[in-house]
Structures are given as structure tokens and as C-alpha cells.
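[1] Compute the structure for the input listed below.
(2 chains)
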Protein chains: 2
Amino acid sequence: MSKELTSRAEDYSKWYNDIVVKADLADHSAVRGCMVIKPYGYGIWENMQKTLDKMFKETGHQNAYFPLFIPKSLFEAEEKNAEGFAKECAVVTHYRLKTNPNDKSKLIVDPEAKLEEELIVRPTSEAIIWNTYKGWIQSYRDLPILVNQWANVVRWEMRTRLFLRTAEFLWQEGHTAHATKEEAISETKQMLEVYADFVENWMAVPVVKGVKSANERFAGADDTYCIEAMMQDGKALQAGTSHFLGQNFAKAFDVKYVTKDNKQEFVWATSWGVSTRLIGALIMSHSDDNGLVLPPKLAPIQVVIVPIYKGDDGLAKVSETANDIKKKLQAKGISVKYDDRDSQRPGWKFAEYELKGVPVRIAIGERDLANGTVEIARRDTLTKETVNIEGIDSLIENLLNDIQLNLFNKAKARNQELTTTVNSYEEFKKVLDEKTGFVYAHWDGTPETEEKIKEETKATIRCIPLNNVQEAGVCIYSGKPSTQRVLFARAY
Amino acid sequence: MSKELTSRAEDYSKWYNDIVVKADLADHSAVRGCMVIKPYGYGIWENMQKTLDKMFKETGHQNAYFPLFIPKSLFEAEEKNAEGFAKECAVVTHYRLKTNPNDKSKLIVDPEAKLEEELIVRPTSEAIIWNTYKGWIQSYRDLPILVNQWANVVRWEMRTRLFLRTAEFLWQEGHTAHATKEEAISETKQMLEVYADFVENWMAVPVVKGVKSANERFAGADDTYCIEAMMQDGKALQAGTSHFLGQNFAKAFDVKYVTKDNKQEFVWATSWGVSTRLIGALIMSHSDDNGLVLPPKLAPIQVVIVPIYKGDDGLAKVSETANDIKKKLQAKGISVKYDDRDSQRPGWKFAEYELKGVPVRIAIGERDLANGTVEIARRDTLTKETVNIEGIDSLIENLLNDIQLNLFNKAKARNQELTTTVNSYEEFKKVLDEKTGFVYAHWDGTPETEEKIKEETKATIRCIPLNNVQEAGVCIYSGKPSTQRVLFARAY
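    As a prediction, the model looks like this:
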């Protein structure tokens, strides 16, 4: 397969897909809408998981595991949730295959092995989890329950894109149970902060924190908090959500607890999740026409060393220094790959690691050895410089921090540039079409107006930012009074 | 729920189930045969995962992720594999629900959303993975592929038991591709050694390494290597398997590579896996009538500290010392819980952590403070002693190693005691019924004899041990000549 990438200017969507496939992150599979996450892509997910898992545990959560399947009768118990997901559910109806009597080499579904009740492959686990929590919660002493699950979920989306929208994806879903409304809301907000911290400081992607409008809320939630990121094409991507579920699931599954003063009360709930979709956000935030660009904190390989040499003797000499540098960097906790394969030329390797977004490349030639120097190249700026081998471990350590920061700042500057405040619907449409990006505008607060704007412009309310400035104004669409501007954008 | 356990003597099977449920490891769910793994049980699985994952990476493997679903046409491609799993497959036939027209609060499967081709929920992933590898492998340069996947799988078993046999379970499945038969066999054996190392040195469960007879082989394998452990009731439990798959999947999915001298050859394959079943083995190897006993290397909590005090002042004094000890132990990498809840009495806590198998308990009373001592209790031997606080960190560190070793040695001694060599079928049956355990006996090597013995005694050939002594003998069943004794047992 050619390693040539489509450029962003040429076809942004194809550029994205090219990077995913050619940088060996993921690929389409034989199952409609499902992807294969390849080792290099999965390495990014493992780094994300490790970091998030630590954050969840530091905030008092434990992991558990609940069934993949949800009996239909449980699934439909919380009506709004069921309605929200019913149209995209994979349904298990049988539990056995048998040999096709007409062709012994083929199998058919055994009609005698029909399930009495169909099983839904979880699109999200509130139903099965709240049905379980019912058995775990009797009194206030059993609360809070602070549980997270790392799992696969299935949503039968009609239009899929690698990482961004796939029929099966990997995610984590936190499900907590609380004695009071206040505690549940505080948990919801805490987890939003955890997500914002992770996305900004590990993924180097700036976000806007806010609350969804009623239209965009999670099915079954009283409030959905979210973080919204901006991609290079100015479109928004919802990077994480944290839901305050009120007592909706407690009521649907009859989960009550005895309070300290011996009353029966329904339990309060939250749920929150991020998924492999974040890898899509990562790619679209930082990458360029040469390929993937990865923030050092999540890169499976942070530094690659490429030897430039002639003959076995040359390689042996260079390798001594290369392995020395590798050891020093590893001692600092930096992940290093020394690529001494003789089946590929240095130029090929340079292009390969550029495509794969390795943050720093060190090239060591025989001439360098005499000078006590090496050449280092930054993936983010594509700049090179010659540096002394002496002290290279600290230099690289600082450089990685610098790249991490630079990627964030670059994305932040783009966000600022592509964020516009508008005062009329004409201006709103013009900005969306010509400038793209985030648009702050007054809205009358009704779902009807939101729906109309969406129909006419494909822009949705991404969120009502937290701590939003309150100011009197008029809705850009209806002209009715408004108390604040909300964040609109076209979105993934 | 009462914390009283059924004793092993009373009802071994009920004792096992009691421990799983009452020690908060797992519970039955609303889905037939599927379990909920509770945080404490999942903590054990996380420790297993962490250790195994490191071992896999140290032997050159990388993680990846493949789809949950397998289209029926791919599933049936490798006939033996398909036949082996066809009778226990969950099958997805539809991708949408809709509102029941007769009852708006209910959902029904939308008959118009029938899949053109049914999807099998993976019982194992050879089919989908080899269909993927076809696209990854062109030449010898693409080999070997050394990939592992952490995933959930579904096998619709009719009789299920928590951890030991559940319709859905968590596991890892390694799938490797090689240029030569020798390399694939060597990989198969290497992973068997990794499993044996893990089960013996982390789980403290001794194993017999061997090869399965043709009857007991994985469907689709040329050879299945296994490790067999013995439970306290003398029954065998297959703890891990590593399969040499020959070229069966390469042929089924037409996966060929170009050799160095430019010939087309089919690729050689292995697969290997262990699952949450290991938690069942762990429980049944070490636990006693007081509850779970965990080997320190896998215990989510290695040390629990329980304060014994009167009033808030008393607690404050004890807590100072307790937190001090906690910090010192944590500095040694030991996981410690200080349970200072005032809602439960010390005696209740003692019983609770005994039930949960925490290896070491430290009790600190106000009187101890004056003496500079604490009381420590070992979970494995249930013995207590008073020790000086001075130097307690090293003492506990050694004690944990000691407990780990003691559990292994105890299990090893039991294995030896319950392993018998027999020379006649009468003796064979008598040992199985009266003594139980592993029985070494001559076998004529035919599947027919194996089948007859199984029918008559419920004992199966667990394995033909590696490096088995070759000796002339006669089959205990048929009287035909035999070249070696094989390992028989009744098994989980």
C-alpha cells in the first residue's frame, strides 16, 4: 500500500482515513461498521486507559464488570433511555447453530434454539447495572457506590468512520449511586473535570466545558455535562460526557435506600464515559499532511533512534552509542525504539516514523560519533538540529515537555482564531460556511428554535458553557429574548 | 446476607459458591449464565491481567482488538473449529428494536431490521483474526505476528458456575502467525511456560504441563498444550491452553506468504488463552472453611490494619501509629487498607477480612502503643503473634513472601498426596472414588478407550505430561500395549 497521504486541503475526510489506515492505527473489518484496532493504535488506547484508570482510582472509583447482554425487559424499563437506543441495537435471538441439512459444510441458525426473551448487546449499561445495584443497596451505609467498567459496547450506526463512529467501540462507563442529589451532581461535575484534565493535559486538546441543551441530552439523563473539542477543520467533537441521571434509573428499577432517620428514598445516579473516539479526536487535532502527530504523553514510542551507517562495522559503532542513549532515556522513563533493521534505508525509516507521529527522532551517523553529536528532529515542527550527546537525556526530556505544550498551545490558538461571537442569523450562517469553527450566539432556549437552526445550517448547540456570562440579548433565529450566548458548531 | 459459610465437608460445591458470593467476588446476573464481577473480584483479575500482560510484552507480544462479532460465513470457514463451537453460540439476527404497537411502553424486535447474514458473538476469535491476518501478511518480512487480545467471549453453556463456567467470560487470547512449523511450535511451548510460571509463582498453584489427547484438543488445533491444576477436592481444572494450529486457519482463510526464495507457503499459527476461570482455580486451591485465602502476589489488599480503641481520643492515638505503619508498608510497594470505620466492631472486621482472604491482618490496640508492639495474624495458617513495631515493614515483607511460598508448598504437598499410579482398571476406579485426585495409568492411545473410560468413570485424560517417562505397559482398560502412562482425573 502506498504511504502517500491525501492532503487536508484536497480532502479532509480522506486525509483522516488515510492516516488511520496508513499509520497502522486501525482498519475496517469483515463486520459492517466494526473496526480492527491494530497494535500501534491499541498502544495509544492503552496509554489513555492507564492514565484515566489512575485518575478514576485517585477519585475513589473501583472497576467491576457487568454482562454484555441486557434482557429486553430490563432494557425497556427506563423508557427514555430505551427509546434513545432502541433504533441501533444488536439483538441476540438464538443460542445455537446447526449443520445445514442441505450443505453439510455450512451452518444455519437452529430454529429450536430461540431465546424466550431476546438479549440486547449493551449500547450502554445503565439498565443492567441499576438492576444489579438494586441488590447491592439497602441502606445509606451502602452508598455511595463508585464503580467504573472498561468494556465494549455496540450501537448499530448506519454511517460509520474509523474511531469516530463505529458499530462496536471500546470505552469506559462510570456508574455511581448516591444518597443525595447534591452529591450526585458534585460527582457528575468532578468527572467532567477529570475528563477535561485528561483531554487538555494528556491529549493536548483544549476543550470547552458545558451542559447540553435538552435536545442533545443523554437519553435518560436530567443533565448532560460535556467537553467539546475543535478539530482542525473547525468542526466540533464531543470528547466526553458526564450525566446527572437524577432518580430516573432508581425509579425504573425500584432502587431505594433507608436513610439515617429510617425513611425510604430513591437513590441518585450518575454515569460518565469516554471511548476510543478520543483517538479520532487526537488524530484530527494535531496531525498534518505528513501524517500522525502524537502528544508525547500518549505516544506508544516517544523517541525513535535511526542509525546511518555503511557496512556491519559502521552499524556496530553506531549501535554502541545508540544503545547507550537508549538506556539513558529509558532510565528517565522515556519509551524508545532503536530501529536497526537493515532491510530498510534511513530515508524510508524517517518517513515511516513521521507518518506514525513519533514525537522525536534521533539520527546517528558515523560522522556524528567523531563529533560527539547527533541530529534530532521534532515531529511537531518538523525542525532538526544537531546536539551534543553529552546531556542528551535531559535535553530530550525537556524537548518532550516542550512538544506536549506546543501542541496544546497551537490547538488553543486555532480554537481562539476559529471562535466567533455573532449577533445575527446572517452572520451566523456566513461564519459557519466561510470561517467555520465555534460560534457563540443568543438563543431563545426552546428546542424548536434549536431544531430549526439545525435543519437549516447543520449546526447544533454543542453546549451551554459552564460559568457562562449572563447578558440580555435576542435570539438570532426567533428574535425572542435570551439571557446568554450558547456554543454552536457543526460537529462530528 | 449471613456471612456463614457452608463447610467443605458439608457441601464442597456450595462452599465454593458461598465464598464467591459472600466474599464479594462475583454474583449471578439477570442474564442466564452471565455473572457480575464485583470490584473485589475484579481487583484480583486486574492483578492477574497486569502480571500476564507484562509477561506477554516481555516475550515480544503486542495487544490489539478485533470485532466482537463474526459473520457466519467466516465462522464456518474452519470446519472443525466451527463444529466445535456451533452448539453454544449466541447469534445476532437483528439490528433494531421498535415500539410494540400493542403496548407503547414495550419494545419488540423490528422484523424489518433482519441482518442479511447472522453474526456470531465470538466464542473465540481465530476466524475473525485469520480473516484479518490475510490482509496483513504478504511476505516473510511480515512474520511473525505476535498479537494478544484482552476481551470478552460468549459460549452458551447449559450448566454454569460462577467463574468456572459462565456464558460470558473475560480472557486473553494470543494469536500468532509464523513462517515455519518449528517456530510456531516453539511459540506454543513458550506460552505454556509463561502460563505455568504465572499459575505456579503468582497464583501459588502447582500444575502439570502436558499435551491433550486428540479427543480433548481445541477444535481446529493440531496439538493443544495445557496446564492442569488440582483442586482441594482432588478434581482437575484446566488452567490454561496453548494451541499449535498448524496451517488449518491459514488454509481456511487462504493466508500465504512469499518465502525468501520466492515461494508461496501457508502460514503457521498458534493461539493461547487464560480466562477469569483462573479466579475459580485460585479460590478452590487455597481457601478454607473461614473463607477466601489469597496468595499475596495477587491480593487486592495485602495487609489490613484494624484499630482497637475506646472513644475518639483512643482512635486518634491508634490512628497515628496505624498511618505510620501504613506509609512504611506502602513505601515497600505493599497494598494496605486501614479500616478505621466506627460503624463496625473489631471482631466483625476480623471476620470480614478473613472471609475476604486478606493475607495479613495487623491489629493495633491502645495497650500495644505503650509496648511498641502490634498483633499480626496470618490468613493462611490463622496464627497470631505479637511483634515490635520497630522493623515491621521488613517483617511484613518477609511474611508475605513466606505466605506465598507456604500456599504453594501446601498445594504441592496435596498434589503429591493425591497423585496415584495404578496398574489395573479396578484400582483406577477405586482411587477415583475413594481417594480422588490425579491418576497415572497406561492407555492404549485410542480415542475409543478414552471414551469408554470417560463414560464409565467420568474421568478424562487431562494430559500426556511433557517429558513423560516412556515405559512398556498394558492399557488398564483394553489390555493392549502402551508406551506411557497418562494423567487421568475427574475435572471441572
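[2] So which residue is smack in the middle of chain A?
    Taking Cα atoms, centre = their mean, the centroid of chain A lies closest to A:Leu278, which sits 1.6 Å from it.
[3] check contacts around it.
    With Cβ atoms under 8 Å, 6 or more residues apart in numbering or on different chains as the criterion, the residues that contact A:Leu278 are A:48, A:199, A:203, A:239-240. To be clear about C-beta, it is placed using only N, CA and C from the backbone, and glycine gets the same treatment.
[4] Most neighbours among the residues you listed, which one is it?
    Using other Cβ atoms under 10 Å in any protein chain shown as the neighbour definition, these reach their maximum at A:Met203, which records 28 neighbours.
[5] isn't A:Glu83 right next to A:Gly220, touching?
    No: shown here, A:Glu83 and A:Gly220 do not form a contact pair, counting by Cβ atoms under 8 Å, at 9.0 Å.
[6] Between the two, which is the more surrounded one?
    Set side by side, A:Glu83 and A:Gly220 show more neighbours around A:Gly220, with 25 against 15, by other Cβ under 10 Å.
[7] so who does the closest residue to A:Ser139 other than its chain neighbours touch?
    Distances taken as Cβ to Cβ, 6 or more residues apart in numbering or on different chains place A:Val258 nearest to A:Ser139, at 4.5 Å, with adjacent residues excluded. When contacts are counted by Cβ under 8 Å, 6+ apart, A:Val258 is found next to A:138-140, A:264.
[8] what's across from A:Val258 in the sheet?
    A:Ser139, A:Gln264 (DSSP bridges).
[9] pLDDT at A:Ser2, what is it?
    pLDDT for A:Ser2: 51.
[10] For A:Trp171, list each beta-bridge partner.
    In this structure, A:Trp171 has the following beta-bridge partners (DSSP bridges): A:Ala151, A:Ser275.
[11] for the one 5 residues further on, same thing?
    With DSSP bridges applied, A:Thr176 shows beta-bridge pairing to A:Leu146, A:Thr270.
[12] mind listing what it touches?
    Taking Cβ under 8 Å, 6+ apart, one finds A:61, A:144-147, A:184, A:187, A:269-271 in contact with A:Thr176.
[13] Surely A:His61 touches A:Glu173?
    No: with contacts defined as Cβ under 8 Å, A:His61 does not count as touching A:Glu173, sitting 11.3 Å away.
[14] which residues do the two both contact?
    With the criterion set as Cβ under 8 Å, 6+ apart, the overlap between the contacts of A:His61 and A:Glu173 is A:Asn148.
[15] Tell me the secondary structure at the closest residue to chain B within the stretch 201-350 of chain A.
    Using Cβ to the nearest Cβ, A:Ser343 is the residue of the stretch 201-350 of chain A that sits closest to chain B, at 6.6 Å. A:Ser343 falls in the coil class when you classify it by DSSP: H, G, I helix; E, B strand; the rest coil.
[16] and it, what does it touch?
    A:Ser343 touches B:Arg141, counting by Cβ under 8 Å, 6+ apart.
[17] Quick check, pLDDT for it.
    Each residue has a pLDDT score; the one for A:Ser343 is 87.
[18] same question, A:Asn467
    If you check A:Asn467, the pLDDT there is 88.
[19] Check the burial of it by counting its neighbours.
    7.
[20] any idea of the mean pLDDT for the longest helix seen in chain A?
    Among the elements of type helix in chain A, defined by DSSP state H, the one spanning the most residues is helix A:392-417. Model confidence over helix A:392-417, given as mean pLDDT, is 98.
[21] buried ones in it?
    Counting neighbours by 16 or more other Cβ atoms under 10 Å in any protein chain shown, one finds that the buried residues in helix A:392-417 are A:392-393, A:396-397, A:399-400, A:403-404, A:406-408, A:410-411, A:414-415.
[22] Among these, which ones lie close to chain B?
    If you filter those for contact with chain B, counting by Cβ under 8 Å from any Cβ of the partner chain, you are left with nothing.
[23] Buried ones among the contacts of A:Val258?
    Among the contacts of A:Val258, those scoring as buried are A:Tyr140 (criterion: 16+ other Cβ under 10 Å).
[24] So which residues of the stretch 51-200 of chain A form strands?
    Using DSSP state E, counting those that start in this stretch, the strands found in the stretch 51-200 of chain A span residues A:62-63, A:69-71, A:91-94, A:97-100, A:103-109, A:114-121, A:145-154, A:168-178.
[25] Comparing these, which stretch has the densest surroundings?
    When neighbours are counted by mean count of other Cβ atoms under 10 Å in any protein chain shown, the highest per-stretch mean among the strands of the stretch 51-200 of chain A falls to strand A:69-71, a mean of 27.
[26] and for that one, what are the contacting residues?
    Contact partners of strand A:69-71, identified using Cβ under 8 Å, 6+ apart, comprise A:92, A:117-122, A:125, A:127-128, B:30-31, B:34, B:90, B:168.
[27] wait, which of those is closest to B:Thr321?
    Closest approach to B:Thr321 among the contacts of strand A:69-71 (Cβ to Cβ): A:Ser125, at 42.7 Å.
[28] And the closest one, how far from A:Pro144?
    In this structure, A:Ser125 lies at 18 Å from A:Pro144, with Cβ to Cβ, to the nearest Å as the measure.
[29] Look at stretch A:245-259 and report the distance between its end residues.
    One end of stretch A:245-259 sits 20 Å from the other (Cα to Cα, to the nearest Å).
[30] buried sites along that stretch?
    Within stretch A:245-259, the residues that count as buried by 16+ other Cβ under 10 Å are A:245-250, A:252-253, A:255-257.
[31] In helices only, show me those residues.
    Among these, the members found in helices (DSSP H) are A:248-250, A:252.
[32] domain parsing for chain A?
    Chain A breaks down into these structural domains: A:12-286, A:301-399, A:419-489 (assignment by automatic domain parsing).
[33] okay, those, which one's buried deepest?
    Mean neighbours per residue, mean count of other Cβ under 10 Å, is largest over the domains of chain A for domain A:12-286, with a mean of 20.
[34] Show the contacting residues for A:Ala184.
    Each residue near A:Ala184 by Cβ under 8 Å, 6+ apart is listed here: A:176, A:178, A:244-246, A:268-270.
[35] Could you pick out the residues of the stretch 201-350 of chain A near chain B for me?
    A:Ser343.
[36] do that again at 10 Å, thanks
    Proximity of the stretch 201-350 of chain A to chain B (Cβ under 10 Å from any Cβ of the partner chain) is limited to residues A:276, A:300, A:341, A:343-344.
[37] Of all pairs in those residues, which one spans the longest distance?
    A:Thr276 and A:Ser343 (32.0 Å).
[38] quick one, what contacts the residue of the stretch 151-300 of chain A found nearest chain B?
    With distances taken as Cβ to the nearest Cβ, the stretch 151-300 of chain A approaches chain B most closely at A:Trp156, which sits 4.2 Å away. Under the criterion of Cβ atoms under 10 Å, 6 or more residues apart in numbering or on different chains, the neighbours of A:Trp156 are A:32-33, A:85, A:87-91, A:121, A:123, A:167-168, B:92, B:94-96, B:113, B:115.
[39] ok so, going back, what's the closest of the ones in helices among the buried residues of stretch A:245-259 to B:Thr224?
    A:Phe249 (44.7 Å).
[40] Walking through the stretch 301-450 of chain A, point out its strands one by one.
    With DSSP E, counting those that start in this stretch as the criterion, the stretch 301-450 of chain A has strands at A:303-308, A:336-338, A:360-365, A:373-378, A:384-388, A:419-421, A:438-442.
[41] In JSON lines: those strands, plus distance to A:Leu5.
    Below are those laid out as JSON lines (distance: least, Cβ to Cβ, whole Å):
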{"stretch": "strand A:303-308", "distance to A:Leu5": "19"}
{"stretch": "strand A:336-338", "distance to A:Leu5": "22"}
{"stretch": "strand A:360-365", "distance to A:Leu5": "18"}
{"stretch": "strand A:373-378", "distance to A:Leu5": "18"}
{"stretch": "strand A:384-388", "distance to A:Leu5": "21"}
{"stretch": "strand A:419-421", "distance to A:Leu5": "28"}
{"stretch": "strand A:438-442", "distance to A:Leu5": "27"}
